[in-house]
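[1] what follows is a predicted protein model with its sequence.
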Amino acid sequence: MHKLLSVHRLGCAFCAFLIFAVGAPLAHATIIHGTLNFSVTYGGPAPTGSYVLNTTTNTWNTFTVDWDGAVYDFAFALSFPDADAALIRTILAGGGPWCALAPLNDTLSCGPVPVHGSFSLYGFQSIPVSPTFTDLFAGATGTYTVTETTVATPEPGSLAMMLLGLGVLLAGVGLKRRNAVRSTDSM
């Protein structure tokens, strides 16, 4: 009876391992890394920018643009209530116009409501989180394109389940060995 119980435990451990090992790799998050490629048609300097979008949670991990020494956090600017990050990404990924104004620029207008010190990306506007402009009179416009890379990353829960299944399997093997040693000692 004792041997039967031991075999049963090993069988349960093996089944648990199979369930976790087969099911765990299927759960993953899709992360999209985007690089914004800017061209300048008027003024300067040229900005740089990139973003990371988690399509599983539909949220921006990061989305920053650097221009004229100032850093703009579009992840914050685009995180308004009911914002659909995937839809916004689709709009932005096609490329389009951009415009930037330093705080004292009065020669350039960005859209219907120009905000000095702001950066406008396809109509989405942001003010800098780090307003350290190198030229307080700078202004620039141009177009941008986006280069994206998609990365599937395992969810932390999937890895934990896979490790749990492996642990149960190893515990079952250890129990079987211990019982095998006991049965040879009793002979």
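    On my side now, so go ahead.
[2] identify each buried residue in stretch 43-62, please.
    G43, P45, P47, G49, Y51, V52, L53, W60 (16 or more other CB atoms under 10 Å). C-beta coordinates here come from the backbone N, C-alpha and C atoms, glycine included.
[3] show me where this structure has its helices.
    Remark: helices assigned in the chain by DSSP state H are 2-23, 74-77, 85-93, 156-185.
[4] present the buried residues of stretch 43-62 as a markdown table; the columns should include distance to F74 and pLDDT.
    Below are these laid out as a markdown table (distance: CB to CB, whole Å; pLDDT from 0 to 100):
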| residue | distance to F74 | pLDDT |
| --- | --- | --- |
| G43 | 20 | 95 |
| P45 | 18 | 96 |
| P47 | 12 | 97 |
| G49 | 8 | 97 |
| Y51 | 7 | 95 |
| V52 | 12 | 94 |
| L53 | 11 | 92 |
| W60 | 7 | 91 |
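[5] in strands only, show me the residues you listed.
    Members of those lying in strands (criterion: DSSP state E): G43, G49, Y51, V52, L53, W60.
[6] so how far is A86 from the first one?
    Put plainly, it is G43. From G43 over to A86 the distance is 32 Å, taken as CB to CB, to the nearest Å.
[7] before we move on, the earlier item: weakest of the helices of the chain by average pLDDT?
    With a mean of 53, helix 2-23 has the lowest mean pLDDT of the helices of the chain.
[8] including distance to I91, could the ones in strands among the buried residues of stretch 43-62 go into JSON lines?
    As requested, these are exported to JSON lines (distance: CB to CB, whole Å):
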{"residue": "G43", "distance to I91": "24"}
{"residue": "G49", "distance to I91": "15"}
{"residue": "Y51", "distance to I91": "13"}
{"residue": "V52", "distance to I91": "17"}
{"residue": "L53", "distance to I91": "13"}
{"residue": "W60", "distance to I91": "14"}
